[in-house]
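Student: Following is a predicted model, sequence given first.
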Number of protein chains: 2
Amino acid sequence: MVKGHIERAFAYLESGSVLLVTTNDGYRSNVMTISWQMVMDFTPRIAITTGAWNESYETLLRTEECCLCIPTFEMLDTVVGIGTTHGSECNKFDHFNLKTRKGSKVKAPVITNCLAAIECKLEDFIEQHGIFVFKGVQLWENEKKQEKRVIHANGDGTFFADGEFRNLRKKMRQLVPEGSERF
Amino acid sequence: MVKGHIERAFAYLESGSVLLVTTNDGYRSNVMTISWQMVMDFTPRIAITTGAWNESYETLLRTEECCLCIPTFEMLDTVVGIGTTHGSECNKFDHFNLKTRKGSKVKAPVITNCLAAIECKLEDFIEQHGIFVFKGVQLWENEKKQEKRVIHANGDGTFFADGEFRNLRKKMRQLVPEGSERF
């Protein structure tokens, strides 16, 4: 993993990629799978929705930080395994053979198996709706990763990888921030 | 288009599909393209983020309703065209040859070229973050549509269609609501 420009971070999220959200409560790290996520601006601010049923919820509120890691399609069984396992049952990082490195600005670990990871600080919590508003502060990119297709959850237990590609950058010049190109 | 079970509506959104959001202000209809969207629960509640720079913003606030229409990948040029054109310049429905039918519970039109459409009522507006929280109240499904691949915007002017498919419903039984199967 190498550090990348934070201006490009939203481009790993906007397509609706499934995320692995890591936290560290000061004693141990945890990871959850989430597909309820939304880009809010290009800086980037990112929203996720979760609730108190989730082990990471209290840690997110208390530490006010996390790392949003973007897994790729060949990791789908791992991603679903993480989403259907409780951290109290096992150390998910060991169990699922996740490699990590320290974050540079947060204590939550960066999963280096992933395509990219975004260290985030909590900017706001909208309790009524369980919405966490994060600001991305450091992008990590996996320059060695061959598989670049991210995971899209349909929510019904089925998934798609990124498929056919089109570049319409010329038509959208007015809407695309400079320096954001991933492709 | 035929009416479908609202329990399946979130499964058209959760993968991060680009949306065409229609509104009707009592005099005329409008449509915008958005990819900043997030499923919040299975009922479904859905969040979108937009701001006052958008023509539809005032109408969304005043009418408290919209229709979230899900276009498919062969409609990508239309979708980008809608996203880069102002409704004041032309009637977007005529200009982009969008076919519509009346909504059953909202005045915003259902775009029948799309794969599906979800009539929505505004439940809450979080002004500080420009987040509209909608509740889906009626699902429409296009039973005649051959192209079923939705559009994923990377945000940098490039796009992917749905690609390789996997069904992991058995592993995820505990997390998937009954009646939500799209695939």
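Tutor: Looks like it came in fine. Keep in mind the model is a prediction, meaning the values are calculated, not measured.

Student: Surely A:Cys69 is in contact with A:Thr23?
Tutor: No - the criterion here is CB atoms under 8 Å, and A:Cys69 misses it with A:Thr23 at 11.4 Å. Placement of C-beta: from N, CA and C, glycine included.

Student: Next up, the contacts around whichever residue of chain A sits closest to chain B.
Tutor: Going by CB to the nearest CB, chain B is nearest to A:Gly16 of chain A, at 1.1 Å. Counting by CB atoms under 8 Å, 6 or more residues apart in numbering or on different chains, A:Gly16 touches A:35, A:37, A:152, B:14-17, B:35, B:152.

Student: repeat for A:Phe159
Tutor: Residues counted as contacts of A:Phe159 (CB under 8 Å, 6+ apart) are A:18, A:73, A:76, A:151-153, B:165-166, B:168.

Student: now, which of those sits nearest B:Asn30?
Tutor: The closest of the contacts of A:Phe159 to B:Asn30 turns out to be A:His152 (CB to CB; 28.1 Å).

Student: Number of residues surrounding that closest one?
Tutor: 27 (other CB atoms under 10 Å in any protein chain shown).

Student: again, but for A:Leu168
Tutor: Neighbours around A:Leu168, by other CB under 10 Å: 19.

Student: element containing the nearest residue to it once chain neighbours are set aside, please.
Tutor: Excluding its sequence neighbours, the residue lying closest to A:Leu168 (CB to CB, 6 or more residues apart in numbering or on different chains) is B:Val80, at 5.2 Å. With secondary structure defined by DSSP states H and E, B:Val80 is part of helix B:76-83.

Student: any weak-confidence spans in chain A?
Tutor: Nowhere does chain A drop to pLDDT under 70.

Student: ok, back up a step: can you add distance to B:Arg45 and give the contacts of A:Gly16 back as JSON lines?
Tutor: As requested, the contacts of A:Gly16 are arranged in JSON lines below (distance: CB to CB, whole Å):
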{"residue": "A:Ser35", "distance to B:Arg45": "15"}
{"residue": "A:Gln37", "distance to B:Arg45": "15"}
{"residue": "A:His152", "distance to B:Arg45": "20"}
{"residue": "B:Glu14", "distance to B:Arg45": "12"}
{"residue": "B:Ser15", "distance to B:Arg45": "17"}
{"residue": "B:Gly16", "distance to B:Arg45": "16"}
{"residue": "B:Ser17", "distance to B:Arg45": "16"}
{"residue": "B:Ser35", "distance to B:Arg45": "18"}
{"residue": "B:His152", "distance to B:Arg45": "22"}
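
Student: Who are the contact partners of A:Thr43?
Tutor: The contact partners of A:Thr43, by CB under 8 Å, 6+ apart, come to A:6, A:10, A:135-136.

Student: rerun that using 10 Å as the cut-off
Tutor: A:6-7, A:9-10, A:123, A:135-137, A:177 (CB atoms under 10 Å, 6 or more residues apart in numbering or on different chains).

Student: same deal with A:Glu65?
Tutor: Going by CB under 10 Å, 6+ apart, A:Glu65 touches A:22-24, A:59, A:103, A:105-108, A:119-122, A:134-135, A:137.

Student: Of these, keep whichever come out buried.
Tutor: Using 16 or more other CB atoms under 10 Å in any protein chain shown as the burial test, the contacts of A:Glu65 include A:22-24, A:59, A:103, A:106-108, A:119-120, A:122, A:134-135, A:137 as buried.

Student: of these, closest to A:Asp94?
Tutor: Closest to A:Asp94, out of all of the buried ones among the contacts of A:Glu65 and judged by CB to CB, is A:Thr22, at 14.0 Å.

Student: part of a strand, is that closest one?
Tutor: Yes - under DSSP: H, G, I helix; E, B strand; the rest coil, A:Thr22 sits within a strand.

Student: quick one: contacts for the residue nearest in space to the middle of chain A?
Tutor: With distances taken as CA atoms, centre = their mean, A:Leu68 lies nearest the centre of chain A, 2.7 Å away. Applying CB under 10 Å, 6+ apart to A:Leu68 gives the contacts A:9, A:12-13, A:17, A:19-22, A:34, A:37, A:44, A:46, A:48, A:108, A:114, A:116-120, A:134, A:136.

Student: try A:Val39
Tutor: Neighbours of A:Val39 in contact, by CB under 10 Å, 6+ apart: A:9-16, A:45-47, A:136, B:16, B:35-38, B:49, B:153, B:155.

Student: Which parts of chain A are strands?
Tutor: Using DSSP state E, the strands of chain A run over A:2-4, A:19-24, A:29-34, A:37-39, A:45-49, A:65-70, A:100-101, A:110-111, A:116-126, A:131-141, A:151-153, A:158-167.

Student: For those strands, please prepare TSV with the additional fields distance to B:Met172.
Tutor: Formatted as TSV, these follow (distance: least, CB to CB, whole Å):
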stretch	distance to B:Met172
strand A:2-4	32
strand A:19-24	16
strand A:29-34	10
strand A:37-39	18
strand A:45-49	18
strand A:65-70	20
strand A:100-101	25
strand A:110-111	21
strand A:116-126	24
strand A:131-141	23
strand A:151-153	9
strand A:158-167	9
